[in-house]
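Engineer: pasted the sequence and its predicted model underneath.
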Amino acid sequence: MVKLQGSVPATSADMRSLGPAPDDERIDVTVFVRRRAPLAPHSLDAKPGQRRYLTRAEFAAQHGASDADLDAVAAFAQRAGLVVVERRPAARSIVLSGTAGQVTAAFGTAIERVEHAAGISRRRTAPVHVPPELDGIVEGVFGIDDVPIARPHFKFSKESEQAAMLASISPGAAPFDAQAASGFTGIDMAKLYDFPTGLDGSGQCIAIIELGGGYRSADLKAYFKSLGLAAPHVTAVSVDGGKNSPSLPWSADAEVMLDIEVAGAVAPKANIAVYFAPNSEQGFVDAIAAAVHDDVRKPSVISISWGAPESEWTDQGLAAMDQAFEAAAALGVTVCCAAGDAGAHDQNPQNGTPDGLAHADFPASSPYVLGCGGTRLTVSGHTITSETVWNDDPSTSATGGGVSDKFALPSWQADARVPASINPGGRVGRGVPDVAGNASPATGYRVRVDFLTTTIGGTSAVSPLYAGLVALLNQKLPQHVGWLNPLLYGPLAGSGALRDITSGDNGGYAAGAGWDACTGWGVPVGSTLLAALEA
């Protein structure tokens, strides 16, 4: 057996072992295989209109998994007593099912049960191994462990948090709605940020990735009615058994509703597809692949408001997701990702054991996504009077941002003066974020969650805000915007399409003129950005 590169388990200090996993426990694993052919250098650095995007059918035929590779994995599965559940050629994966005993024997690994803050999970304690004939074919094996990997990047305002706490102790006693009368809507932000008018996202599909929680149609209808809009068409898509499962307003429901309500307010006629998956590395990988390669709904932009420090991922997980984002770029799909809510160190003491190092949040640190950082607004009437880096508390309520430890400095970011990492060794890698927008819960977003109105901030809100903007741009432009980063750092730099944020810090990096590791290039000026792209 050959050790699979990148499959060494990620370390975590906040778990307690409960002993080996039962041999008869049923497990579904996703086996990720190589591309049929590498993605050749394409014209994605070119200006809009000069780019050549692949259709999903073309991508599957040219760069999906080959039948021979999937057949080789299926033959191995049969010898190991595993069942082939599904073949996904476009997503380059095949799903196998078996007992824990069969899976550990087949992949030469070991599993234990662990207890952690979110419950009890399976955890691999050894790397994955594959037979020699699959060496070079298999690039990742996901699902043997199912430890929660990501966190939603939203923050309640203090008033809403206090009301939620009171409501959890004494249901019905807290004046939740009255406590949460403040906050902006997506419509408000679109006006403040000068999004192009006369557009509504018609003909576009916005994909939203969710690793928990759910939405209620009655809430959406009531919320959008309060905005004077019809509720957008929202579809729940199940991935790996994930479902739309609303529960309580202080759960992950807050993330789901924030994402839908912000994106839907900006682009009310866009279709919204919500991909629900389990919160695990397997669930995250499969949800992204499902959205990217969805040939039914055909999303043109994807919003992701979940993430975790780069250090908490396996290398195979980082690689699989990064390659899915590269596929999105080839298909002309823009991916917006929240940059994190715990400052430059990205490790909220309430959510784990900080290691003292600064971390970029993944997936925002992938070079193929638009990393979305956070600001804090001051508004007088309908005018922004000041906008600074969001930093209400550098360890618990501040924008993520920094320098990647996993991804090299992209060529298109070479002239952005990305600083050396503040970690020992001073590595210069991919700088995060690329853009920023209102994120402080003190100046947050007014949303409706599980029949209650509340105010929520976080970079979680910035990602769907700009996904909505991209839907407007795609509606107007003759060709989808697609991968924005080479444009932001190239022909759009200095065009006035982004308003620079020069004041503040995130507990590790400071804002300044030009690009910085707190707010990127700053805040997109929507109508100017559209004009620049049209030109």
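Structural biologist: Arrived safely.
Engineer: could you work out the end-to-end span of stretch 95-104 for me?
Structural biologist: According to C-alpha to C-alpha, to the nearest Å, stretch 95-104 extends 15 Å from its N-terminal end residue to its C-terminal end residue.
Engineer: average pLDDT across it?
Structural biologist: Along stretch 95-104, the predicted local confidence has a mean pLDDT of 98.
Engineer: and if you look at stretch 14-24?
Structural biologist: When pLDDT is averaged over stretch 14-24, the result is 90.
Engineer: can you check stretch 362-381 too?
Structural biologist: In this model, stretch 362-381 has an average pLDDT of 96.
Engineer: show me which positions of that stretch end up buried.
Structural biologist: Judged by neighbour count using 16 or more other C-beta atoms under 10 Å, the buried positions of stretch 362-381 are 362-377. All C-beta atoms are positioned from the backbone trio N, CA, C, and that covers glycine.
Engineer: those in strands, which ones?
Structural biologist: Among those, the residues falling in strands (DSSP state E) are 362, 370-377.
Engineer: got TSV for those, with distance to V138 too?
Structural biologist: Conversion of these to TSV gives the following (distance: C-beta to C-beta, whole Å):
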residue	distance to V138
F362	22
L370	30
G371	30
C372	33
G373	36
G374	38
T375	43
R376	46
L377	48
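Engineer: so which residues of the stretch 1-150 of the chain form strands?
Structural biologist: Across the stretch 1-150 of the chain, reading from the start of the chain, the strands by DSSP state E, counting those that start in this stretch fall at 2-3, 16-20, 26-33, 83-88, 93-99, 111-116, 119-124, 129-130, 138-142.
Engineer: from those, which stretch is densest packed?
Structural biologist: Of all those, strand 138-142 carries the top mean neighbour count, a mean of 25, counting by mean count of other C-beta atoms under 10 Å.
Engineer: pull the contacting residues for G520.
Structural biologist: Counting by C-beta atoms under 8 Å, 6 or more residues apart in numbering, G520 touches 371, 373, 401, 431-436, 488.
Engineer: switch to 6 Å and redo it
Structural biologist: With C-beta atoms under 6 Å, 6 or more residues apart in numbering as the criterion, the residues that contact G520 are 373, 433-436.
Engineer: again with M189
Structural biologist: Taking C-beta under 6 Å, 6+ apart as the criterion, M189 is in contact with L465.
Engineer: in terms of helices and strands, where is it?
Structural biologist: In the assignment (DSSP states H and E), M189 maps to helix 186-192.
Engineer: mind exporting the C-alpha coordinates of that helix to CSV?
Structural biologist: Written as CSV, here are the backbone C-alpha positions of helix 186-192 (Å, rounded to 0.1, in the frame of the first residue of the first chain):
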residue,chain,number,x,y,z
GLY,A,186,-29.3,44.4,1.1
ILE,A,187,-31.2,47.2,-0.6
ASP,A,188,-29.7,49.8,1.7
MET,A,189,-26.2,48.5,1.0
ALA,A,190,-26.7,48.4,-2.7
LYS,A,191,-27.6,52.1,-2.6
LEU,A,192,-24.7,53.0,-0.3
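Engineer: can you list the strands that the next helix or strand after it pairs with?
Structural biologist: Using DSSP H and E, the helix or strand that directly follows helix 186-192 along the chain is strand 205-210. Here the strand partners of strand 205-210, with direction, are listed using DSSP bridges: strand 271-276 (parallel), strand 301-304 (parallel).
Engineer: between these, which gets nearest to V83?
Structural biologist: Comparison of those against V83 by C-beta to C-beta identifies strand 271-276 as nearest, at 24.1 Å.
Engineer: what's that closest one in contact with?
Structural biologist: By C-beta under 6 Å, 6+ apart, the residues outside strand 271-276 that reach it are 205-210, 232-239, 242-244, 260, 287, 290-291, 297.
Engineer: past that strand, which element shows up next along the chain?
Structural biologist: Tracing the chain C-terminally past strand 271-276 and defining elements by DSSP H and E, one meets helix 281-292 next.
Engineer: need the residues that contact that following helix.
Structural biologist: The list of residues contacting helix 281-292 from outside it, by C-beta under 6 Å, 6+ apart, reads 30, 91, 142-143, 149, 207, 209, 239-240, 275, 277, 299, 302, 317, 320-321, 324, 327-328.
Engineer: now the strands for the stretch 401-535 of the chain?
Structural biologist: 402-408, 429-432, 435-438, 445-449, 452-457, 498-499, 523-524.
Engineer: now the second one: buried residues?
Structural biologist: Of all the residues in strand 429-432, those buried under the rule 16+ other C-beta under 10 Å are 429-432.
Engineer: for those residues, which one is nearest E312?
Structural biologist: Proximity of those to E312 (C-beta to C-beta) peaks at V432, which lies at 15.7 Å.
Engineer: I figured that closest one hits V403, correct?
Structural biologist: No. Using C-beta atoms under 6 Å, V432 is not in contact with V403; the gap is 7.5 Å.
Engineer: list residues touching both of these two?
Structural biologist: A shared contact of V432 and V403, defined by C-beta under 6 Å, 6+ apart, is any residue touching both; here there are none.
Engineer: a markdown table please, covering the buried residues of strand 429-432 and showing distance to T453 and pLDDT.
Structural biologist: Putting the buried residues of strand 429-432 into a markdown table (distance: C-beta to C-beta, whole Å; pLDDT from 0 to 100) gives the following:
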| residue | distance to T453 | pLDDT |
| --- | --- | --- |
| G429 | 41 | 97 |
| R430 | 38 | 98 |
| G431 | 37 | 98 |
| V432 | 32 | 98 |
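Engineer: closest to Y215 out of those residues?
Structural biologist: Set against Y215, the nearest of the buried residues of strand 429-432 by C-beta to C-beta is V432 (28.7 Å).
Engineer: can you pull up the bridge partners for the closest one?
Structural biologist: For V432, the beta-bridge partners are G402 (DSSP bridges).
Engineer: list the residues that contact it.
Structural biologist: By C-beta under 6 Å, 6+ apart, the contact list for V432 reads 339, 360, 364-365, 371, 401.
Engineer: kindly report the same for G429.
Structural biologist: Counted by C-beta under 6 Å, 6+ apart, G429 has contacts 403-404, 407-409.
Engineer: using PyMOL, make a named selection holding only the buried ones among those residues.
Structural biologist: With 16+ other C-beta under 10 Å as the criterion, this PyMOL line picks the buried residues out of the contacts of G429:
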select buried, resi 403+404+407+409
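Engineer: what would the contacts of G429 look like in TSV with pLDDT and distance to M189?
Structural biologist: Putting those into TSV (pLDDT from 0 to 100; distance: C-beta to C-beta, whole Å) gives the following:
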residue	pLDDT	distance to M189
V403	98	28
S404	98	28
F407	98	29
A408	97	34
L409	97	31
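Engineer: give me the buried entries from the contacts of G520.
Structural biologist: 373, 433-436.
Engineer: nearest to W313 among the ones in strands among the buried residues of stretch 362-381?
Structural biologist: F362 (5.8 Å).
Engineer: which ones are touching the residue nearest to the closest one when sequence neighbours are not counted?
Structural biologist: Nearest non-adjacent residue to F362, counting by C-beta to C-beta, 6 or more residues apart in numbering: E310, 4.8 Å away. For E310, the contacting residues are 359-360, 362, 365, 405-406, by C-beta under 6 Å, 6+ apart.
Engineer: out of those, who's nearest D219?
Structural biologist: Checking these against D219 by C-beta to C-beta gives F362 as the nearest, at 30.5 Å.
Engineer: pLDDT wise, what is the residue positioned nearest the centre of the chain at?
Structural biologist: The centre of the chain sits closest to I304, judged by C-alpha atoms, centre = their mean, with a distance of 2.7 Å. Per-residue confidence at I304 stands at 98 (pLDDT).
Engineer: which residue of the protein sits farthest from its center?
Structural biologist: Of all residues in the chain, the one whose C-alpha sits farthest from the chain's mean C-alpha position, using C-alpha atoms, centre = their mean, is R79 at 36.9 Å.
Engineer: isn't H345 up against A358?
Structural biologist: Yes. H345 lies in contact with A358 (C-beta under 6 Å); the separation is 5.2 Å.
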